[in-house]
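**Q** sequence? don't have it. structure:
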Ligand SMILES: Cc1c2[nH]c(c1CCC(=O)O)Cc1[nH]c(c(CCC(=O)O)c1C)Cc1[nH]c(c(CCC(=O)O)c1C)Cc1[nH]c(c(C)c1CCC(=O)O)C2
């Protein structure tokens, strides 16, 4: 019997599907009233991530509303530092906060308890596999070591990741140890997600775009390649989407150097360049999330341009980054219908 979840997996294997499968980064989130309701019941954001009843519910909400081709596990990239005892908390209106890590503390990091800390997340994956419609692909994910490290070093989000860039020059050995430790903890976590029922995984390198080329190579490419190599050695059928936001022309060799099946593209990637990258394999992206806030002609034109340039090759339709809290849920309905070629009423 053919696997009913093949649509997105077929694209990851290099096939062209028309219309392309669609899901949105951060599709479960604050733009949805039902998410805000569950979030209020759960209490803290990490309580939402670690309570399977709530995490399953918010993962399913956008699937019920829009029938996306893929569901993405509801969790956060910062559960890994949380599992490493970095005291992660989410302060309302301020974003994530962690205890900033020093070079000395990196030497003492212990990843051996990470798996047991993350077991509720794997329980969420198992339940999702049972609760999702059979045709919906289930995606797991983790943060890339560089992006996770930027939060661990600064202790919060920054706009240019100056603290992590400085730290990497001042403490090269400690920094390399941190990236390797995060890569290996991520491999174990992704294997757990695959074994619990995830069909494919995405690695988010949201801060790849702040690095000079040599550092992009050492801090982004190398650790992501390590994760993918080890994951595929352990689970040869595992499929990986790698998303290096802001990497620009450095994306040219990113797929080949990391071993990713598909590469995610942000909205700054020119469609002609995206079409070049698509000749080497599947791509995912890359609508500007602000077009979903704007709606109307801005939304339609952005969708049409992507379908016209990239729709004749292996494409997973997505945004170029996460959907924002200001997005209008009705604009998402229009987006899904337009990608699927359903005429608007
Ligand atoms: C850098 C990063 C983080 N988390 C993530 C990244 C990489 C992707 C990206 O760049 O967007 C990844 C992430 N975060 C979340 C998901 C869930 C799955 C999905 O729907 O895509 C995923 C895949 C939920 C979330 N993660 C977060 C929210 C909002 C929290 C809330 O409900 O208050 C959600 C739905 C919180 C979060 N978590 C993080 C930040 C910077 C924030 C925002 C803080 C804020 O806006 O208040 C770290």
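**A** It's in. What you see is a predicted model; the values in this text were computed from it and never measured.
**Q** the helix of greatest length in the chain and the ligand, any residue contact?
**A** Criterion DSSP state H: the longest helix present in the chain is helix 172-196. No: between helix 172-196 and the ligand, judged by C-beta under 6 Å from any ligand atom, nothing touches; the nearest distance is 12.1 Å. In short, each C-beta sits where N, CA and C put it, glycine included.
**Q** show me which residues of the protein sit near the ligand.
**A** Contact residues, the chain versus the ligand (C-beta under 6 Å from any ligand atom): 25-30, 39, 45, 72, 74, 76-78, 90, 95-96, 141, 143, 147, 157, 204, 206, 322.
**Q** before we move on, back to that, for the longest helix of the chain, buried residues please.
**A** 174-176, 178-179, 181-194, 196 (16 or more other C-beta atoms under 10 Å).
**Q** which of the residues of the chain next to the ligand are buried, as a ChimeraX select command?
**A** The ChimeraX command for the buried members of those (criterion: 16+ other C-beta under 10 Å) is given here:
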select :25,26,27,28,29,39,45,72,74,76,77,78,90,96,141,143,147,204,206,322
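**Q** now the following helix or strand past the longest helix of the chain against helix 172-196, angle please.
**A** The helix or strand immediately downstream of helix 172-196 is strand 200-205, counting by DSSP states H and E. Computed with axes from the mean of the first three to the mean of the last three C-alpha atoms, to 10 degrees, the direction of strand 200-205 lies at 160 degrees from that of helix 172-196.
**Q** which is the next helix or strand following strand 200-205?
**A** Scanning onward from strand 200-205 (DSSP H and E), the first element met is helix 213-215.
**Q** pLDDT at residue 342, what is it?
**A** On pLDDT, residue 342 comes in at 86.
**Q** equivalent analysis for residue 43, please.
**A** For residue 43, pLDDT reads 89.
**Q** same question, residue 113
**A** 86.
**Q** do the same with residue 265
**A** At residue 265, pLDDT is 98.
**Q** in contact with it, which residues?
**A** By C-beta atoms under 8 Å, 6 or more residues apart in numbering, residue 265 lies in contact with 251, 274, 277, 283, 284, 285, 286, 320.
**Q** which of the residues you listed fall within helices?
**A** Among the contacts of residue 265, DSSP H puts 274, 277 in helices.
**Q** from the residues of the chain next to the ligand, which land in helices?
**A** Filtering those for helices - DSSP H - leaves 39, 45, 147.
**Q** contacting residues for the first one?
**A** Contact partners of residue 39, counting by C-beta under 8 Å, 6+ apart, are 30, 45, 48, 58.
**Q** name the helices or strands packed onto the helix or strand containing the last one?
**A** In this structure, residue 58 is located in helix 52-66 according to DSSP H and E. Using 3 or more C-beta pairs under 8 Å, 6 or more residues apart in numbering; DSSP states H and E as the contact criterion, the neighbours of helix 52-66 among helices and strands are helix 33-42, helix 45-50, strand 70-72, helix 119-131, helix 329-339.
**Q** tell me what angle it forms with helix 329-339.
**A** Orientation of helix 52-66 against helix 329-339 (the same axes, to 10 degrees) gives an angle of 60 degrees.
**Q** list the buried residues of helix 52-66.
**A** So helix 52-66, judged by 16+ other C-beta under 10 Å, has buried residues 52, 54, 55, 56, 57, 58, 59, 60, 61, 62, 63, 66.
**Q** okay if I get those as a markdown table plus pLDDT?
**A** Formatted as a markdown table, the buried residues of helix 52-66 follow (pLDDT from 0 to 100):
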| residue | pLDDT |
| --- | --- |
| 52 | 98 |
| 54 | 98 |
| 55 | 98 |
| 56 | 98 |
| 57 | 98 |
| 58 | 98 |
| 59 | 98 |
| 60 | 98 |
| 61 | 98 |
| 62 | 98 |
| 63 | 98 |
| 66 | 98 |
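**Q** state the pLDDT value of the closest residue to the ligand within the chain.
**A** Residue nearest to the ligand within the chain: residue 206 (3.1 Å; C-beta to the nearest ligand atom). Predicted confidence (pLDDT) for residue 206: 98.
**Q** where does the closest residue to residue 184 other than its chain neighbours land in three-state SS?
**A** Once flanking residues are discounted, residue 184 sits nearest to residue 111: 6.8 Å by C-beta to C-beta, 6 or more residues apart in numbering. Three-state call for residue 111 (DSSP: H, G, I helix; E, B strand; the rest coil): coil.
**Q** residue 111 and residue 149: what is the separation?
**A** Per C-beta to C-beta, to the nearest Å, residue 111 is found 14 Å from residue 149.
**Q** residue 25 now?
**A** 21 Å.
**Q** dump the residue contacts of the residue nearest the centre of the chain.
**A** Computing the C-alpha centroid of the chain and ranking residues by C-alpha atoms, centre = their mean puts residue 204 first, at 4.3 Å. Residue 204 makes contact with 77, 141, 142, 143, 144, 147, 243, 245, according to C-beta under 8 Å, 6+ apart.
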